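Enquirer: Just need the structure, nothing else, for what follows:
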Amino acid sequence: MPLYENQSNPLYLLIFATAKLSCFAGANEDSHAQYFMNDEGEDLCENVTYLGRKGLFTSTSGLTVAYLSGRDGGDKSDFTHFSKSDVAMVCEKITSGASRFTGVDILLTSPWPHNVSQYGTQLKQQPKDDSRNVANMAAILKPRYHFSGLEGVSYDRNPYRNHKLLVGSQQHVSRFSALAEVGNKEKAKFMYAFNIVPMKYIEKSELYKQPVDTTECPYKQQVPEVKEDRADPTRNEFFYGEGPRKRAGNSLSCILWFDIEAKLKSRQN
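Expert: Model (predicted):
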């Protein structure tokens with residue numbers, strides 16, 4: 001497995017074990033943008049799919065994976081940065097696609113969500129490049145599992161609830177996990193392997209179980225504003241399992257950091 005020269009451009013590799021399907025999100029550095037043919041996603045080769053900059057991947061088993069590539073650019077939106085409007089558009093697309101939105105199974109982002117450690121497991125050092133927009137995205141999409149890795153630090157937060165106690169209906173909990181660099185000297189966790197059944201198939205009594213160490217949600221949700229002039233209706237970045245990107249899925253999944261730069265470079269040779 002190739003290692004990173006630095007942690008500035010970690011990329012997700014999402015593996016559905018028996019289906020032999022590998023998916024990953026996009027670049028965080030301008031110098032790596034040249035290795036991506038487009039930002040809408042594509043099949044690099046058999047069983048390896050680049051998801052694109054942002055959107056929702058749905059496997060045929062119903063597993064939902066929301067993803068957002070790049071760093072928080074504030075109002076800047078390009079191949080390696082996302083804007084507040086980008087986040088708003090992703091959230092609106094995903095939440096409006098269901099009659100009653102309850103959440104996504106997995107959320108992949110590069111930056112950590114801002115304030116993620118509030119009420120939860122304490123950090124030895126605060127993240128340098130966290131994002132309020134990612135925090136708002138997590139509050140809206142309510143992922144069962146949220147993975148980030150731009151900081152290059154391993155961190156597992158105890159679960160937090162997506163509802164307020166004694167207010168409203170009960171909902172599932174969310175878990176945030178940050179992954180370290182591949183091959184790091186501290187031997188901190190850079191891989192996360194787990195069994196997961198899509199949310200749509202889990203009984204509510206099981207889905208809504210609250211572990212004893214569950215906390216309040218660390219994020220304060222803000223209603224996102226979608227700027228219509230930033231959205232291009234001809235683009236199809238939100239797959240929802242349609243067309244060639246709807247692949248066989250199953251309950252065993254593995255998420256890890258992997259330097260796929262060498263694979264991308266080989267395409268230009």
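Enquirer: Tell me which other helices or strands the top helix by length along the chain touches.
Expert: Looking across the chain with DSSP state H, the single longest helix is helix 84-95. On a contact count with 3 or more CB pairs under 8 Å, 6 or more residues apart in numbering; DSSP states H and E, helix 84-95 meets strand 54-58, strand 64-68, helix 132-141. For every residue, glycine as well, the C-beta is placed using N, CA and C.
Enquirer: With mean neighbour count and distance to F194 added, can I get those in TSV?
Expert: Converted to TSV, the helices and strands packed on helix 84-95 look like this (neighbours: other CB atoms under 10 Å; distance: least, CB to CB, whole Å):
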stretch	mean neighbour count	distance to F194
strand 54-58	24	17
strand 64-68	26	13
helix 132-141	24	18
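Enquirer: quick one, what contacts the nearest residue to E216 once chain neighbours are set aside?
Expert: Distances taken as CB to CB, 6 or more residues apart in numbering put Y119 closest to E216, at 5.2 Å, once the chain neighbours are dropped. Counting by CB atoms under 8 Å, 6 or more residues apart in numbering, Y119 touches Y160, T215, E216, P218.
Enquirer: out of those, who's nearest V167?
Expert: Checking those against V167 with CB to CB, the nearest one is E216 at 11.2 Å.
Enquirer: wait, isn't T95 in contact with L141?
Expert: Yes. Counting by CB atoms under 8 Å, T95 touches L141, with 7.4 Å between them.
Enquirer: Number of residues surrounding Q34?
Expert: Q34 has 12 neighbours, counted by other CB atoms under 10 Å.
Enquirer: meant to ask about S61
Expert: 18.
Enquirer: on that earlier part again, mean confidence (pLDDT) on the longest helix of the chain, please.
Expert: Averaging pLDDT along helix 84-95 yields 93.
Enquirer: residue contacts, the residue lying closest to P143 once chain neighbours are set aside?
Expert: Leaving aside its sequence neighbours, P143 sits nearest to L107 (CB to CB, 6+ apart; 3.6 Å). L107 sits next to V65, A66, Y67, L68, M137, A138, L141, P143, Y145, H146, F147 when contact means CB under 8 Å, 6+ apart.
Enquirer: what does the model give the last one for pLDDT?
Expert: On the pLDDT scale, F147 is placed at 91.
Enquirer: can you check the fourth one too?
Expert: At L68, the pLDDT value in this model is 91.
Enquirer: For it, which residues are in contact?
Expert: By CB under 8 Å, 6+ apart, the neighbours of L68 are 25, 53-54, 82, 86-87, 90, 107-110, 134, 137.
Enquirer: Just checking the distance from stretch 107-127 to the centre of its chain.
Expert: 14 Å (CA atoms, centre = their mean, to the nearest Å).
Enquirer: how long is that stretch end to end?
Expert: 19 Å (CA to CA, to the nearest Å).
Enquirer: What's the mean pLDDT across that stretch?
Expert: The model assigns stretch 107-127 a mean pLDDT of 90.
Enquirer: Only the buried residues of it, if you could.
Expert: Of all the residues in stretch 107-127, those buried under the rule 16 or more other CB atoms under 10 Å are L107, L108, T109, S110, P111, W112, P113, H114, V116, S117, G120, P127.
Enquirer: V134 and D86, how far apart?
Expert: V134 sits 11 Å away from D86, going by CB to CB, to the nearest Å.
Enquirer: go on, K124?
Expert: 31 Å.
Enquirer: Of all the helices and strands packed on helix 84-95, which one comes closest to G74?
Expert: helix 132-141 (8.6 Å).
Enquirer: Identify the residues contacting that closest one?
Expert: 66, 68, 72, 82-84, 87, 90-91, 94-95, 103-104, 107, 109, 111-116, 146, 148, 174, 176, 217-222, 224.
Enquirer: Report the secondary structure state of the residue nearest to P143.
Expert: Secondary structure, DSSP: H, G, I helix; E, B strand; the rest coil: L107 is strand.
Enquirer: Quick check: the gap between it and G183.
Expert: 25 Å.
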